[in-house]
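> Dropping the sequence and predicted coords here.
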Amino acid sequence: MNVLTPRLAAHRLLATTDLDEAREGVAGELCPHDLFPRGRWAHDDDERGRGGFSLRHHRAPFAEVALHWIDYGSDVEVRVAGMPFWLVQVPLAGAASVDDGGGGRGTRRGVAVVGSALVCGPGSPWRMRYAPGTPRVMLQVPSALVHRRREMAGLAGLAGRATAGAGIAPVLDLTTGAGAAFRRLLDVALDDVEALGSAGPVPLATRSLAVALVDSLISAQHAASGGEEPGALRAAANRSCVARAVRYVEEHCDEPLTTADIAAAVGVGVRALQAGYAQHLGETPMAHLRTVRLHRVREDLSAGAAESVTEAAARWGLTHLGRLSVQYREAFGESPSATLRRTR
């Protein structure tokens with residue numbers, strides 16, 4: 001099936017270009033939230049319904065869980081104070097990002113494109129952003145069900161017994177290992193629901209599949225959060241994963257990032273990310289971050305967007321001016337002050 005073909009078509013809930021109707025309709029099926037357009041019309045109430053905003057929301061119950069297909073049609077931001085369930089979001093196109101609003105070194109954040117998924121646990125505030133053209137499938141799982149299945153997995157020695165949202169990896173790689181197994185089961189569940197159409201009671205076999213889907217999610221989360229990983233996940237991060245990391249660094253290079261932060265954001269372990277960078281880019285994640293920051297400093301200095309080298313360096317997280325001067329000259333063949341002088 002074409003990934004842009006709406007899923008769960010027999011379970012349409014809402015189609016609207018009205019922002020308030022969209023917010024209230026989605027809140028009724030998920031949880032209360034704030035919805036903000038982020039395009040040229042974001043602050044113009046009279047422009048509601050323009051700029052490409054067009055919500056389509058499909059939802060199908062699947063035993064104890066629920067499957068959703070949703071598309072806002074434009075660039076939007078969603079903020080929730082907390083959810084009483086787990087939410088897994090799988091982009092079918094475009095890109096989506098999430099963070100818990102902390103803003104500091106401990107902030108949980110991530111970006112997902114095709115081949116990955118965002119995972120938001122219960123209890124925490126979340127800020128979610130969706131690029132235009134990001135239809136996605138979502139799995140909604142009650143917290144109590146995750147808790148029960150985690151306890152069973154923990155007792156069997158198959159996964160950690162952590163509860164609620166603590167310690168979750170915000171991004172799952174769905175292209176290999178446990179993440180790929182979860183994606184395959186999710187596709188089976190979607191196909192099963194679509195085969196049933198709008199039929200009545202869910203068969204017993206579907207209930208078993210729903211539980212298997214949750215168990216697979218727990219396994220993938222355990223691996224992505226640093227538990228024992230299959231051999232495929234211990235290998236170097238693949239090209240797609242490294243590309244997501246590169247994009248994440250470029251979008252967050254003004255923040256105090258570490259290699260662990262970047263790895264968590266794209267859903268792989270630190271060693272896998274380091275190996276992937278070495279294999280595909282020939283450098284380390286921190287070297288890439290430094291290069292991106294140097295280029296941002298040069299852009300600001302060249303455009304006259306900073307009054308001093310110190311201002312530009314601080315803006316992009318380069319606080320050691322002596323080291324900056326050496327690295328800048330190595331990269332661009334001149335000192336940062338020389339670049340700044342040309343704009344005056």
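Cool, got the structure. Quantities reported herein were computed from a predicted structural model and do not represent experimental measurements.
> Arg184 - how many residues pack around it?
Burial of Arg184 is recorded as 12 neighbouring residues (other CB atoms under 10 Å). (Each C-beta comes from the backbone N, C-alpha and C, glycine too.)
> Which is the succeeding secondary structure element to whichever strand or helix holds it?
Applying DSSP states H and E as the criterion places Arg184 in helix 177-196. Downstream of helix 177-196, the next assigned helix or strand under DSSP H and E is helix 204-224.
> elements contacting the helix holding Arg184?
Secondary-structure packing of helix 177-196 (3 or more CB pairs under 8 Å, 6 or more residues apart in numbering; DSSP states H and E): strand 55-62, strand 65-71, strand 116-120, strand 136-142, strand 171-173, helix 204-224, helix 231-234.
> Would you mark the buried spots in the helix or strand following the second one?
Beyond strand 65-71 on the C-terminal side, the first helix or strand identified by DSSP H and E is strand 76-80. Buried residues in strand 76-80, defined by neighbour count with 16 or more other CB atoms under 10 Å: Val76, Glu77, Val78, Val80.
> Pairing partners for strand 76-80, with directions?
Here strand 76-80 has these sheet partners by DSSP bridges: strand 34-37 (antiparallel), strand 126-130 (antiparallel).
> What strand or helix carries the spatially most central residue of the chain?
Centroid check for the chain by CA atoms, centre = their mean gives Val111 as the closest residue, at 3.3 Å. Val111 belongs to strand 109-113 when assigned by DSSP H and E.
> List of residues touching that strand?
89-91, 94-100, 118, 169-171, 240, 244, 247-248, 251-252, 261, 264-267 (CB atoms under 8 Å, 6 or more residues apart in numbering).
> For Ala66, give its distance to Leu8.
10 Å (CB to CB, to the nearest Å).
> following the helix or strand of the chain with the lowest mean pLDDT, which helix or strand shows up next?
Within the chain, no helix or strand scores below helix 231-234, which has a mean of 38 by mean pLDDT, DSSP states H and E. Once helix 231-234 ends, the next helix or strand along the chain (criterion: DSSP H and E) is helix 239-252.
> buried ones in the helix or strand just after that following helix?
Sequence-wise, the next helix or strand downstream of helix 239-252 (DSSP H and E) is helix 259-266. For helix 259-266, burial by neighbour count (16+ other CB under 10 Å) applies to Thr259, Asp261, Ile262, Ala263, Ala264, Ala265, Val266.
> ok so, going back, so for His320, which of the helices and strands packed on helix 177-196 sits nearest?
Nearest to His320 among the helices and strands packed on helix 177-196 is strand 171-173 (30.6 Å), distances taken as CB to CB.
> tell me the secondary structure for the closest residue to Val211 other than its chain neighbours?
Nearest residue to Val211, sequence neighbours excluded (CB to CB, 6 or more residues apart in numbering): Arg149, at 7.1 Å. What DSSP: H, G, I helix; E, B strand; the rest coil gives for Arg149 is helix.
> Please report how far Arg149 lies from Gln89.
Taking CB to CB, one finds Arg149 at 20 Å from Gln89.
> same thing with Ala272?
Taken as CB to CB, the span from Ala272 to Gln89 is 22 Å.
> Read off the pLDDT value for the residue nearest to Val211.
Looking at Arg149, its pLDDT is 86.
> Contact partners for it?
By CB under 8 Å, 6+ apart, the contact set of Arg149 is Val211, Val214, Asp215, Ile218.
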